[in-house]
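Trainee: Fold the following for me, if possible:
(2 chains)
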Amino acid sequence: MNLDFSWMAWTWPTAAFFIIVVLMLFGMGVWEYVSPGGNPRVGVLRFETTRGDRLFVSLLGSAFIHLAWLGLVGPNLWWALALSVAYAIGVFRYV
Amino acid sequence: MEKTWNNKAWFLVLPVLVLVAFSAVIPLMTVVNYSVQDTFGNNVFFWAGTEWFEELLQSKRFWEAMARNLVFSFIILAIEVPLGIFIALNMPKKGWGVPVCLVAMALPLLIPWNVVGTIWQVFGRNDIGLLGYYVNALGFNYNYVQDPVDAWVTVIIMDIWHWTSLVVLLCYAGLVSIPDAFYQAAKIDGASRWAVFRYIQLPKMQRVLLIAVLLRFMDSFMIYTEPFVVTGGGPGNSTTFLSIDLVKMALGQFDLGPAAAMSLVYFLIILLLSWVFYTVMTNYDAER
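Mentor: Numbering: from 1, shown residues only, chains lettered A, B, ... in the order given. Here you go, the predicted model:
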């Protein structure tokens, strides 16, 4: 059987993106194994979040940071990436 | 008694993971791949980077469709949720009326979306449609094919007719689960009808209302079939919602790259708004 996946149109940058997302999920799994319970706490948003919630908020926020940068500044996204990393650190620290 | 922890239970979720992989993850990955490339068919792709996203974010057409979608969802929620609660409160809780009302409420939900569109397309016509003919006979100049306001009114009424039942059934399920003891206690305290609603019925319906609001928001934000069948997105672009525009772009124009970029932005907005709704409502519930 010859499986043809050319219709999925894989590229190295998109493959790298998904590999990073999978590694993040794997890392969260390992973190949960080492420290079970999800570390729930009430942060600046004033409602309880687990570390899974914080990852979700970080990823979703990062997507919007990149879109906003693209729409308002331009196609060079390295600064948007740096901003997203800073944002994610902030979310994991204070949310 | 101590809980039994067995991580082998994770294997039980394997079938659903496989199903989700094929129905959601693989298509989503493909859309991400398409969004950074261009194609003219035959699985030949050219790298385009972030070009389609830039184009989309500066496109007036996209923002106008988005605004129409948000306005539509807001109107739908503002009408269907209170109306659904009102009908559920007035439905019989005992006797022969219960199955009759439940079946009547379930009927619109059983009709396929394209059939609902066709029904309202004919119903609203001012030559042969019952609604269109009599509204014009009453002296109103109603024509959903030519007038954008009429087209909007038709699409909104059609959605209310089709989907209010869902809110009603969910609210009704919440209402019938309230034990009689609550009502008896309220009667002893001399609570008014409004107080019973505000402090007993509404809190008890809150969880089902959360589901109703989420479902109706996501459904109305993704609406495609009914307005497409009734108005085709017109007159002009007045009822062209995001999904209609997306299909025009992807299938009508075969612009897979821009359509994929639009799909992703659309997906992110739905994800964000659903998360906000869910978080706000569940935390309100937790605070109580």
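
Trainee: Chain B contacts on chain A?
Mentor: Within chain A, the positions adjacent to chain B are A:6-11, A:13-14, A:17-18, A:47-48, A:56, A:60, A:63-64, A:67, A:70-71, A:75, A:77 by C-beta under 8 Å from any C-beta of the partner chain. Quick note: C-beta positions are derived from backbone N, CA and C, even for glycine.

Trainee: neighbours around B:W152, how many?
Mentor: Residues near B:W152, counting by other C-beta atoms under 10 Å in any protein chain shown, number 19.

Trainee: From the centroid of the chain, which residue is nearest?
Mentor: As the question left the chain open, I've gone with chain A. Centroid-nearest residue in chain A: A:L59, 3.1 Å away (criterion: C-alpha atoms, centre = their mean).

Trainee: um, chain B though
Mentor: The centre of chain B sits closest to B:D219, judged by C-alpha atoms, centre = their mean, with a distance of 2.0 Å.

Trainee: List the buried residues in the helix or strand where B:Q206 lies.
Mentor: Taking DSSP states H and E as the definition, B:Q206 sits inside helix B:202-221. For helix B:202-221, a neighbour-count test (16 or more other C-beta atoms under 10 Å in any protein chain shown) marks B:204-205, B:208-213, B:216-218, B:220-221 as buried.

Trainee: where in the stretch 1-150 of chain B is pLDDT low?
Mentor: B:1 (pLDDT under 70).

Trainee: Mind doing that once more with 50?
Mentor: For the stretch 1-150 of chain B, applying pLDDT under 50 flags no range at all.

Trainee: residues from it in reach of chain A?
Mentor: Applying C-beta under 8 Å from any C-beta, one finds that the stretch 1-150 of chain B approaches chain A through B:26, B:29-30, B:32-34, B:36-37, B:39, B:43, B:45, B:47, B:49-51, B:53-54, B:57-58.

Trainee: Restricted to helices, list the residues you listed.
Mentor: B:I26, B:M29, B:T30, B:V32, B:N33, B:Y34, B:E51, B:F53, B:E54, B:L57 (DSSP state H).

Trainee: filter the residues you listed to the buried ones?
Mentor: Neighbour-count burial (16+ other C-beta under 10 Å) applied to those gives B:M29, B:T30, B:V32, B:N33, B:Y34, B:E51, B:F53, B:L57.

Trainee: Could I get those residues in TSV, plus columns for distance to B:V247?
Mentor: Below are those laid out as TSV (distance: C-beta to C-beta, whole Å):
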residue	distance to B:V247
B:M29	21
B:T30	17
B:V32	19
B:N33	20
B:Y34	15
B:E51	21
B:F53	19
B:L57	20
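
Trainee: any idea how far the spatially closest residue to B:F62 that is not a sequence neighbour is from B:F40?
Mentor: Leaving aside its chain neighbours, B:F62 sits nearest to B:L56 (5.4 Å; criterion: C-beta to C-beta, 6 or more residues apart in numbering or on different chains). From B:L56 across to B:F40, the span is 20 Å (C-beta to C-beta, to the nearest Å).

Trainee: Mind checking which of these two has more residues around it?
Mentor: Taking neighbours as other C-beta under 10 Å, B:L56 and B:F40 compare with B:L56 leading, 23 against 9.

Trainee: remind me which residues of chain A are low pLDDT?
Mentor: For chain A, no stretch is flagged by pLDDT under 50.

Trainee: What number of neighbouring residues does the residue in chain A positioned nearest to chain B come out with?
Mentor: Proximity of chain A to chain B (C-beta to the nearest C-beta) peaks at A:G71, 3.5 Å away. As a burial measure, A:G71 scores 13 neighbours (other C-beta under 10 Å).

Trainee: Next up, the contacts around B:W52.
Mentor: For B:W52, the contacting residues are B:S35, B:V36, B:G257, B:P258, B:A260, B:A261, by C-beta atoms under 8 Å, 6 or more residues apart in numbering or on different chains.

Trainee: And it, how far from B:L246?
Mentor: 13 Å.

Trainee: related to what we said a few turns ago, and which of the contacts of B:W52 is nearest chain A?
Mentor: Of the contacts of B:W52, the one sitting nearest to chain A (C-beta to the nearest C-beta) turns out to be B:V36, at 6.3 Å.

Trainee: The closest one: how many residues sit nearby?
Mentor: 22.

Trainee: isn't it right up against A:T11?
Mentor: Yes: counting by C-beta atoms under 8 Å, B:V36 does reach A:T11; the two are 6.6 Å apart.

Trainee: where do the contact lists of these two overlap?
Mentor: B:W47.

Trainee: Check which residues of the strand or helix carrying B:A88 are buried.
Mentor: B:A88 belongs to helix B:60-90 when elements are defined using DSSP H and E. Within helix B:60-90, the residues that qualify as buried are B:62, B:65-66, B:68-70, B:72-73, B:75-77, B:79-81, B:84-85, B:87-89, counting by 16+ other C-beta under 10 Å.

Trainee: Which strands or helices does it pack on?
Mentor: Packed against helix B:60-90, as judged by 3 or more C-beta pairs under 8 Å, 6 or more residues apart in numbering or on different chains; DSSP states H and E, are the following elements: helix B:148-176, helix B:202-221, helix B:242-247, helix B:256-287.

Trainee: Could you rerun that using 7 Å?
Mentor: With contacts defined as 3 or more C-beta pairs under 7 Å, 6 or more residues apart in numbering or on different chains; DSSP states H and E, helix B:60-90 has these neighbours: helix B:148-176, helix B:202-221, helix B:242-247.

Trainee: Could you point out which of these sits nearest B:G232?
Mentor: Closest of the helices and strands packed on helix B:60-90 to B:G232 is helix B:242-247, at 8.2 Å (criterion: C-beta to C-beta).
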